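1. coords below, sequence missing:
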């Protein structure tokens, strides 16, 4: 059987049957399990760079292919969550570099303020909520890049040690960055 | 040790809330908070700011996340393909294995390896050439509905008919999106003349420029190719704008099975 025809047969088989725990080799099962757990957090983080969802999805696929290779080569399994975010962060930066090289327009990451606000609020409350969010987002967009990465990684549940590894900072710098960002959010909220 | 009249800094309060202090320091902070209303109030304010930030963050990005099931299948297909390609390149023997053999046993083995190396490398070259480019004949004429279910903008018949037909530049698919579509179908790097990355629901019928509405359609080698589908798109647009066909029906039928739609609306089983 040729490689390409075996690939076609494989694709057909995969699409015809739901993914289950007993599908594929042990390494494939593990990578699918990790993907199910971490795909949304990593994709959300990648979107904060202003990358479009379809490009973000491609970046996340590359991250998990790299993770598969990493695990298959028997490399360290310590802090895989941090590893996944670090690779995602670096690929997102590379993507932005390439996009800037082609003079592509990078979307502002925190658009659409009015959408997704609780529709049970009355018009005055809706207005106030939209105003508050707009201020918060203006602060987030105005944060220095490192502070923004830091607070978004924390929002995705990473510990200070993991954030420090992803961004190449010290633990103390992570703590100070988060404190600084929260102070800015608070001031914006009170204005 | 904390004195009763001193207060905790925001950094310490945040680290305590995040469980990032040492166990000893965490105990001290907890004890202080039990006695100090000022620090407890400050802690509550910080928690409120965090809560507002997280709510806002999630409400902006969660709606942008595409459904995960298709992505999981894509990853599994790519991982499996990656594994099988690596297996094809695996060496016959590891160095450790060779070193364990005596020279006397090794000499005929080396001769055998040298003779077979030429044949093997040729086979590898041929198989990798095939792998780089999946043959056109294997690309489905109907897109995979898990990967390309079809997606359309909320447009009215007036929008699509009254002089608002998509300009050429609006039909243009960005190169990175084109490559993403080709990768999704396992034909990454395919030359432009072999495939049209096509809209399943054409923009003339309101189809959107998204991964869920794009797929690689071969130009050649099949009866049902990209040019035939273009003819169907023209026909459906005409029918919708003349009022003979409802826009949503046209979108649904072209997305479900465009070959059936061609046979139904162009009324021939033998296209062009």
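-> Received, thanks. Small disclaimer: the values here were computed from a predicted structure and weren't measured. Numbers count the residues shown, from 1 in each chain, chains lettered A, B, ... in the order given.
2. quick one: pLDDT of residue 110?
-> Just going to use chain A. On pLDDT, residue A:110 comes in at 55.
3. the intended chain is chain B.
-> 66.
4. same question, residue A:52
-> Confidence score, pLDDT, at residue A:52: 86.
5. do the one 4 residues further on as well
-> The model reports residue A:56 with a pLDDT of 92.
6. which parts of chain B are helices?
-> B:10-17, B:23-35, B:37-61, B:68-88, B:95-100, B:103-132, B:157-161, B:168-171, B:175-184, B:226-241, B:247-256, B:258-265 (DSSP state H).
7. want to throw those helices into TSV with distance to residue A:71?
-> Quick note: C-beta positions are derived from backbone N, CA and C, even for glycine. Listed next are the helices of chain B as TSV, based on distance: least, Cβ to Cβ, whole Å:
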stretch	distance to residue A:71
helix B:10-17	32
helix B:23-35	32
helix B:37-61	28
helix B:68-88	11
helix B:95-100	22
helix B:103-132	23
helix B:157-161	49
helix B:168-171	42
helix B:175-184	22
helix B:226-241	40
helix B:247-256	38
helix B:258-265	41
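8. how about JSON lines for these, with distance to residue A:93 and mean neighbour count added?
-> Shown next, in JSON lines, are the helices of chain B (distance: least, Cβ to Cβ, whole Å; neighbours: other Cβ atoms under 10 Å in any protein chain shown):
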{"stretch": "helix B:10-17", "distance to residue A:93": "27", "mean neighbour count": "20"}
{"stretch": "helix B:23-35", "distance to residue A:93": "35", "mean neighbour count": "13"}
{"stretch": "helix B:37-61", "distance to residue A:93": "18", "mean neighbour count": "16"}
{"stretch": "helix B:68-88", "distance to residue A:93": "22", "mean neighbour count": "18"}
{"stretch": "helix B:95-100", "distance to residue A:93": "38", "mean neighbour count": "9"}
{"stretch": "helix B:103-132", "distance to residue A:93": "28", "mean neighbour count": "11"}
{"stretch": "helix B:157-161", "distance to residue A:93": "39", "mean neighbour count": "17"}
{"stretch": "helix B:168-171", "distance to residue A:93": "29", "mean neighbour count": "9"}
{"stretch": "helix B:175-184", "distance to residue A:93": "16", "mean neighbour count": "19"}
{"stretch": "helix B:226-241", "distance to residue A:93": "36", "mean neighbour count": "18"}
{"stretch": "helix B:247-256", "distance to residue A:93": "37", "mean neighbour count": "19"}
{"stretch": "helix B:258-265", "distance to residue A:93": "40", "mean neighbour count": "18"}
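9. any low-confidence regions in the stretch 151-272 of chain B?
-> B:163-170, B:192-193, B:219-223, B:267-272 (pLDDT under 70).
10. dump the helices of chain B to a markdown table, plus distance to chain A.
-> Output for these, formatted as a markdown table (distance: least, Cβ to the nearest Cβ, whole Å):
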| stretch | distance to chain A |
| --- | --- |
| helix B:10-17 | 5 |
| helix B:23-35 | 13 |
| helix B:37-61 | 4 |
| helix B:68-88 | 5 |
| helix B:95-100 | 15 |
| helix B:103-132 | 5 |
| helix B:157-161 | 22 |
| helix B:168-171 | 14 |
| helix B:175-184 | 5 |
| helix B:226-241 | 20 |
| helix B:247-256 | 17 |
| helix B:258-265 | 18 |
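11. what's the closest of these to residue A:83?
-> helix B:68-88 (16.5 Å; Cβ to Cβ).
12. who touches residue 45 in this structure?
-> If you meant another chain, say so; for now it's chain A. For residue A:45, the contact set (Cβ atoms under 8 Å, 6 or more residues apart in numbering or on different chains) comprises A:85, A:88-89, A:92, A:152-153, A:156.
13. oops, wrong one, chain B.
-> residue A:186.
14. against residue A:126, how distant is it?
-> Using Cβ to Cβ, to the nearest Å, residue B:45 is found at 24 Å from residue A:126.
15. how about residue B:212?
-> 31 Å.
16. re earlier: can you narrow the contacts of residue A:45 down to the ones near chain B?
-> Subset of those in contact with chain B: residue A:152, counting by Cβ under 8 Å from any Cβ of the partner chain.
17. got the domain boundaries for the chain?
-> I went with chain A, as the question did not name one. A:1-109, A:111-191 (automatic domain parsing).
18. chain B is the one I meant
-> B:10-63, B:68-132, B:136-265.
19. will you turn these into CSV that also has distance to residue A:97?
-> Converted to CSV, the domains of chain B look like this (distance: least, Cβ to Cβ, whole Å):
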stretch, distance to residue A:97
domain B:10-63, 22
domain B:68-132, 24
domain B:136-265, 13
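20. which stretch in the domains of chain A has the least confidence?
-> Mean pLDDT, when computed for each of these, is lowest for domain A:1-109, at a mean of 78.
21. residue A:149: neighbour count?
-> 23 (other Cβ atoms under 10 Å in any protein chain shown).
22. quick one: secondary structure of the spatially most central residue of chain A?
-> In chain A, the centroid-proximal residue (Cα atoms, centre = their mean) is residue A:45; its distance is 2.3 Å. At residue A:45 the chain is in helix, as set by DSSP: H, G, I helix; E, B strand; the rest coil.
23. now it: how far from residue A:154?
-> Distance from residue A:45 to residue A:154, by Cβ to Cβ: 11 Å.
24. what kind of secondary structure is residue A:49 in?
-> Quick answer, by three-state DSSP: residue A:49 is coil.
25. residues contacting it?
-> By Cβ under 8 Å, 6+ apart, the neighbours of residue A:49 are A:92-93, A:95-96, A:109.
26. could you redo the last one with a cut-off of 10 Å?
-> A:55-56, A:59, A:88-89, A:91-93, A:95-96, A:99, A:106-107, A:109, A:145, A:148-149, A:152 (Cβ atoms under 10 Å, 6 or more residues apart in numbering or on different chains).
27. equivalent analysis for residue B:79, please.
-> A:24-25, A:27-28, A:31-32, A:35, A:61, A:64-65, A:67-69, A:72.
28. make JSON lines out of those and add secondary structure and neighbour count.
-> Below are these laid out as JSON lines (DSSP: H, G, I helix; E, B strand; the rest coil; neighbours: other Cβ atoms under 10 Å in any protein chain shown):
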{"residue": "A:24", "secondary structure": "coil", "neighbour count": "19"}
{"residue": "A:25", "secondary structure": "coil", "neighbour count": "12"}
{"residue": "A:27", "secondary structure": "helix", "neighbour count": "14"}
{"residue": "A:28", "secondary structure": "helix", "neighbour count": "18"}
{"residue": "A:31", "secondary structure": "helix", "neighbour count": "24"}
{"residue": "A:32", "secondary structure": "helix", "neighbour count": "22"}
{"residue": "A:35", "secondary structure": "helix", "neighbour count": "24"}
{"residue": "A:61", "secondary structure": "helix", "neighbour count": "20"}
{"residue": "A:64", "secondary structure": "helix", "neighbour count": "26"}
{"residue": "A:65", "secondary structure": "helix", "neighbour count": "16"}
{"residue": "A:67", "secondary structure": "helix", "neighbour count": "21"}
{"residue": "A:68", "secondary structure": "helix", "neighbour count": "23"}
{"residue": "A:69", "secondary structure": "helix", "neighbour count": "16"}
{"residue": "A:72", "secondary structure": "helix", "neighbour count": "15"}
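29. from the residues you listed, which are also near chain B?
-> A:24-25, A:27-28, A:31-32, A:35, A:61, A:64-65, A:67-69, A:72 (Cβ under 10 Å from any Cβ of the partner chain).
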